[in-house]
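Visitor: Next come a sequence and a model predicted from it.
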Amino acid sequence: MRKLIYTIILTAALLATASQAYSSGYNIRVRIEGLQDTTLLLAYHFGNRKFIQDTIQVDSGGAGAFRGDEALPGGIYLVVMPDMDYFELLVDREQEFTIETSINDPVKNMQVTGSEENLRFIEYHRFMNRKQAASSALQERIEMNRNNPDSMQYLRARGMELDREVQEYWDDIIDKHTGSLLAGMISAMKNPETPDFEIPDDAENPDSLRWVKGYEYNKKHFFDNIDFSDERLLRTPILHNKLEHFFTRTVIQRPDSVIPEAVRVTELSRANDNVYQYVLVFLLNHYERSDIMGMDEVFVELAETYYLSGEAFWVTDETINRLRERVERIKPNLIGRTAAELNMRTPGGNYVSLHETEAEYTIIYFYEPQCGHCKVVTPRLNKLSDKYREKGVEIFAVYIYGDIEEWTEYITDNDLDKWTNVFDPQNETNFRHYYDIYSTPAIYILDSDKTIIAKRIGIDTVEQMMEEYLMQ
């Protein structure tokens, strides 16, 4: 039995409701021994979230029925008990059936009538539970016999045999029940089998070459077993997990590697409107929220290619306007772009140009004196500038407000007179827009050509980068 570890969302799915051409209505009768006069929920997966579909009251014998006039979209559904324990069932073409089980170990004790698909699903769970138990026991034996070569050889062979048994079982379901939800789910979970690449005997760095070939093959074939036209996969965790794994652990985390893959997968998803919507929403949200520096370039590419171009048919004008504003603020300060010019005033009233500031590396530091994080960062950045000034590091410090007394007092109190201290009280440079300043501190690092090489990074990262670039 599994327990929900987070709250099921009591709302409709955020994306368009998937639909299937089934007969109208559903009638799922449930009897759970050990329950009486209580509430059951029928929920469903939608990506990595769960949503409520229906609620019923069971009688003194633990019996009740989920009923509705419209057929349910195909997917994995959950019967959720009062303590948030749940068991899963499949809903597809068969939408009138009976499940009987007990509150203790519902999968082991489950009996189904009226649904061949769920009979196979239960057997699938039982089979996988047996193999998982065998695999766990095998792993324990491996840990105990790591110093025994003969035992290790046998145990590794047994592990490969277990894998073969699972794959053969999966292939048998796919072959015998093509088109069924269970077959589609199992197929989607299968990973591509990487071939043994022939590496020339005289190749330099053969291990690296083998890794590159394996990476390229796996990247190209990762989604081979996903049927993007099958929107039933939206109501399982499988498609979401595949997307997340591919874009966080498979593809090299650089914009120039990610962007072509994001476009390729989005184009594959056009096989079904609802799948296309889910994939594109996933990707846009994933890269808008990414903590990896530079991934906002992926966000900009997706927003411009699909949303601002009108390809995202479900988006409201309000969302389009928000995205356009975000793109306009992010695009000027992408990694690899020339930093926008800042011609700002010093405390003495002179104007200083960012682009005319000669330095091997320029650190632009946007701050305000009352900012709590700035109070920590400023002295550390000052020590760093003292350490690396002779190596060509210049701090271009931008006070973001207009109180000259507060500003000059801060410079004096923190001994910042060796920095290039500037401000723009009339916002003549529009720096908040061009550098996306919505919070402080904000730090950018530029090279000698004033190309942005790092942005919105913490002081620890600044110190690491300066060590890497200047202590060689």
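Guide: It's in.
Visitor: what residues does stretch 410-421 touch?
Guide: The contact list for stretch 410-421 (C-beta atoms under 8 Å, 6 or more residues apart in numbering) reads 346-347, 352, 357, 365, 369, 378-379, 382, 385-386, 389, 394-397, 399, 407. Heads up, the C-betas are built off the backbone N, CA and C, glycines and all.
Visitor: Sorry, slip of the keys, the one I care about is stretch 232-248.
Guide: 15, 18, 20, 44-48, 73-77, 92, 181, 184-185, 188-189, 222-223, 226-227, 258, 261-262, 265, 274-275, 278-279, 282-283, 286.
Visitor: same question for the host helix or strand of residue 410, mean pLDDT?
Guide: Taking DSSP states H and E as the definition, residue 410 sits inside helix 404-413. For helix 404-413, mean pLDDT rounds to 96.
Visitor: Over to stretch 153-173?
Guide: Here stretch 153-173 scores 93 as its mean pLDDT.
Visitor: Could you list the buried residues of it?
Guide: 155, 159, 169-170, 173 (16 or more other C-beta atoms under 10 Å).
Visitor: so how far is that stretch from its chain's centroid?
Guide: 30 Å (C-alpha atoms, centre = their mean, to the nearest Å).
Visitor: related to what we said a few turns ago, which of the contacts of stretch 232-248 are buried? Put it as a PyMOL command.
Guide: Of the contacts of stretch 232-248, the buried ones go into a single PyMOL selection, burial set by 16+ other C-beta under 10 Å:
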select buried, resi 15+18+44+45+46+47+73+74+75+76+77+92+181+184+185+188+222+223+226+227+258+261+262+265+274+275+278+279+282+283+286
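Visitor: can you tell me which of the contacts of stretch 232-248 are in helices?
Guide: Cross-referencing those against helices under DSSP state H gives 181, 184-185, 188-189, 258, 261-262, 265, 274-275, 278-279, 282-283, 286.
Visitor: among those residues, which two are most distant?
Guide: Pairwise distances across the ones in helices among the contacts of stretch 232-248 (C-beta to C-beta) peak at 31.0 Å, for the pair 181 and 258.
Visitor: Okay, now the unreliable bits of the protein?
Guide: 1-23, 472 (pLDDT under 70).
Visitor: Kindly state the domain boundaries assigned to it.
Guide: 2-114, 123-176, 225-333, 343-470 (automatic domain parsing).
Visitor: and those domains as JSON lines, adding distance to residue 215?
Guide: Listed next are those as JSON lines, based on distance: least, C-beta to C-beta, whole Å:
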{"stretch": "domain 2-114", "distance to residue 215": "26"}
{"stretch": "domain 123-176", "distance to residue 215": "22"}
{"stretch": "domain 225-333", "distance to residue 215": "8"}
{"stretch": "domain 343-470", "distance to residue 215": "25"}
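Visitor: before we move on, the earlier item: now, of the contacts of stretch 410-421, which are buried?
Guide: Counted by 16+ other C-beta under 10 Å, the contacts of stretch 410-421 give 365, 369, 378, 382, 385, 394-397, 399, 407 as buried.
Visitor: List the ones among those that fall in helices.
Guide: 378, 382, 385, 407.
Visitor: now those as TSV including distance to residue 106?
Guide: As requested, these are exported to TSV (distance: C-beta to C-beta, whole Å):
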residue	distance to residue 106
378	59
382	63
385	64
407	67
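Visitor: of all those residues, which two lie farthest apart?
Guide: 385 and 407 (18.1 Å).
Visitor: so how far is residue 440 from residue 346?
Guide: 20 Å (C-beta to C-beta, to the nearest Å).
Visitor: no wait, residue 271
Guide: 46 Å.
Visitor: ok, now residue 324?
Guide: Residue 324 is 25 Å from residue 440, by C-beta to C-beta.
Visitor: Give me the more crowded residue out of the two.
Guide: residue 440 (21 against 14; other C-beta atoms under 10 Å).
Visitor: quick one: secondary structure of the more buried one?
Guide: Secondary structure, DSSP: H, G, I helix; E, B strand; the rest coil: residue 440 is coil.
Visitor: can I assume it is in contact with residue 374?
Guide: Yes - using C-beta atoms under 8 Å, residue 440 is in contact with residue 374, at 5.7 Å.
Visitor: what sits in contact with each of the two?
Guide: 367-368.
Visitor: Can you list the residue ranges for helices in the stretch 301-450 of the chain?
Guide: Taking DSSP state H, counting those that start in this stretch as the test, the helices found in the stretch 301-450 of the chain are 317-330, 372-388, 404-413, 431-434.
Visitor: Which one, of these, ends up nearest to residue 217?
Guide: Using C-beta to C-beta, these put helix 317-330 closest to residue 217, at 33.6 Å.
Visitor: can you give me how far that closest one is from the chain middle?
Guide: 21 Å.
Visitor: elements contacting it?
Guide: helix 296-302 (3 or more C-beta pairs under 8 Å, 6 or more residues apart in numbering; DSSP states H and E).
Visitor: rerun that using 10 Å as the cut-off
Guide: helix 273-288, helix 296-302, helix 431-434 (3 or more C-beta pairs under 10 Å, 6 or more residues apart in numbering; DSSP states H and E).
Visitor: Any buried residues in it, and which?
Guide: So for helix 317-330, counting by 16+ other C-beta under 10 Å, buried means 323, 326-327, 329-330.
Visitor: Out of those residues, flag the one nearest to residue 65.
Guide: Nearest to residue 65 among the buried residues of helix 317-330, with distances taken as C-beta to C-beta, is residue 323, at 44.6 Å.
Visitor: How much space separates the nearest residue to residue 181 once chain neighbours are set aside from residue 116?
Guide: Leaving aside its sequence neighbours, residue 181 sits nearest to residue 92 (C-beta to C-beta, 6 or more residues apart in numbering; 4.3 Å). Distance of residue 92 to residue 116, given as C-beta to C-beta: 10 Å.
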